[in-house]
Every structure is written in structure tokens, then in C-alpha cells.
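Asker: Okay, sequence plus prediction incoming.
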Amino acid sequence: MAEEKHHHLHHHKDEDKPFETSAVYSEINYKEEEKHHKHLEHLGELGAAAAGAYALHEKHKERKDPEHAHRHKIEEEIAAAAAVGAGGFAFHEHHEKKEAKEEEEKAHGKKQHHLV
């Protein structure tokens, strides 16, 4: 038992040196966190646009190919659901980005504006 290794979630290539997670760092880089969430927000927006475009494409195929209309209808609905999911993800990341920005402002002593 004396030789038990403490495992972390992330490791470097060298297994004896565990990678420290962001919760361990004393200084949190809010700008990098805000940038990360902005990037994910944009990916969510792109995914929503792509899935929406594919749903419209399948709707067109449904009308043009009546022999396989049922299949195209199902694929259209799946693509529409994916578009909604991606839009929800983008919305979530937008709020995460806002929270990171507010945390940065709070950490640097900027005034909070709440109109409630």
C-alpha cells in the first residue's frame, strides 16, 4: 500500500508526472476561458446552421423523390433536432462566456451593473 500512485484525470506522456487540472492553479485565466467559450459558441452556431441547411436539403429531397419520401422525412426531422441541439449548445456557451467575463471583472474590481 505504500507504493500506491495518486491518479489524476490527465497525464503527460511520462506517467509519473500527472497533469494538474485548472482547479489546482492559483490564478485562473479568465480571458482564456472567455475565449474558449466564445470559440465553442461559434462552433455551436456553425453546427446549427449546417444541420438546418441539411434539414432543408432533405425537405427538398422529400418532395423530389416521392419513392423514398419517408426516409427523407425522417432524415429531415433528425437534422432539425440536431439543429435545435446545436443552437442550445451555442446558447449555453454564450452564457458561459458571459459568466467568465463577469468573473474576470469581479476579480479585477470592476463595477457590476445590475438593473434589477
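Answerer: Good, I have the coordinates.
Asker: Who are the packing partners of the lengthiest helix in the chain?
Answerer: Scanning the chain for the longest helix, with DSSP state H as the assignment, gives helix 69-107. On a contact count with 3 or more Cβ pairs under 8 Å, 6 or more residues apart in numbering; DSSP states H and E, helix 69-107 meets helix 30-64. C-beta: built from backbone N, CA, C; applies to glycine.
Asker: Just the buried positions in the helix it packs on, please.
Answerer: If you call a residue buried by 16 or more other Cβ atoms under 10 Å, then helix 30-64 has these buried ones: 30, 33-34, 37-38, 40-41, 44-45, 47-48, 51-52, 54-55, 58-59, 61-62.
Asker: roughly how far out does that helix sit from the chain middle?
Answerer: 11 Å (Cα atoms, centre = their mean, to the nearest Å).
Asker: Check stretch 92-101 too.
Answerer: Taking mean C-alpha positions (Cα atoms, centre = their mean), stretch 92-101 and its chain are 11 Å apart.
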